[in-house]
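> Sequence first, predicted coordinates after that:
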Amino acid sequence: MKTANERILGNDFAIIICKILRSIKAIAAQKNIDLEVYNDHSIKLFSGLPLEVQKAIIENFSSWEMVLAQLPLKKEKTEMDAASEVKMLQKAMRLYGLKSPEDNWDFLEKGDIIEIYNLADQQIYRNFELLKICPYDTLTLVTHEWSVLFDRAQSVTDNIFSELRRLANSDIKERVPFEVPVHVMKCSMSPLNETFEITFKWGMPLFCERTGEK
């Protein structure tokens, strides 16, 4: 008789996402980053999602895997430095057909959390930094609402979305300070309730290479 986990992995989408996430884990390991990419619980939750949501998650991680796969792999493990972060970000932008208003990326520092969101507030790119310190496995981060996983003041969350709308809908065409106060965020679903102090630095609109639109 099959175990519950074997039955779950009978779902083709579950098999696909596990394969992609194992590939991402292997690439991270080459950079001395140990990621928990999924577990039985997160696979079960993923398999219970509507098929169109499963497909969207697969497409998201598949794109990220394509970007990571372009990083040069060496026999010896190497750390991700600021230069590597810039290269990975630039590869992601090329994949999505995006361009930056800046050519100089010196403002990025080692340890910065870097994310790209589309106009629907969906994250389409992330670097490893949050995943390195977060107690949740990678798949759990996309099978739950952010507000379920993390607890922070509602006023701060409102402020973040206000800043995203400002970047998307105003005439801003360059990097600007992301006007969100330093705040504490708690991992509310983790048994240890880990907390992080979050400092936002910059926000920057990206533009479609083909049309020039945000």
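Done, it's in.
> Just want the most central residue of this structure.
The centre of the chain sits closest to Arg126, judged by CA atoms, centre = their mean, with a distance of 3.1 Å.
> Report the contact partners of that residue.
Residues in contact with Arg126 (CB atoms under 8 Å, 6 or more residues apart in numbering) are 64, 113-116. For the C-beta atoms, the positions are set from N, CA and C on the backbone; glycine is no exception.
> Between these, which sits nearest Asp171?
Ile116 (20.4 Å; CB to CB).
> Each with direction, which strands does the helix or strand hosting that closest one pair with?
For Ile116, the element it lies in under DSSP states H and E is strand 115-117. Paired strands of strand 115-117, with direction, are strand 123-126 (antiparallel) (DSSP bridges).
> Could you pull up the mean pLDDT of the strand it pairs with?
In this model, strand 123-126 has a mean pLDDT of 92.
> Give the buried residues for it.
Neighbour-count burial for strand 123-126, counted by 16 or more other CB atoms under 10 Å, picks out 124-126.
> again, but for stretch 113-120
Buried residues in stretch 113-120, counted by 16+ other CB under 10 Å: 113-114, 116-117.
> repeat for stretch 133-145
Buried residues in stretch 133-145, counted by 16+ other CB under 10 Å: 134, 136-143.
> Also stretch 203-214?
Residues of stretch 203-214 classed as buried: 203-207 (neighbour count, 16+ other CB under 10 Å).
> what's in contact with that stretch?
93, 97-102, 116, 119, 163-164, 166-168, 172-178.
> That's all I had, so thanks and see you.
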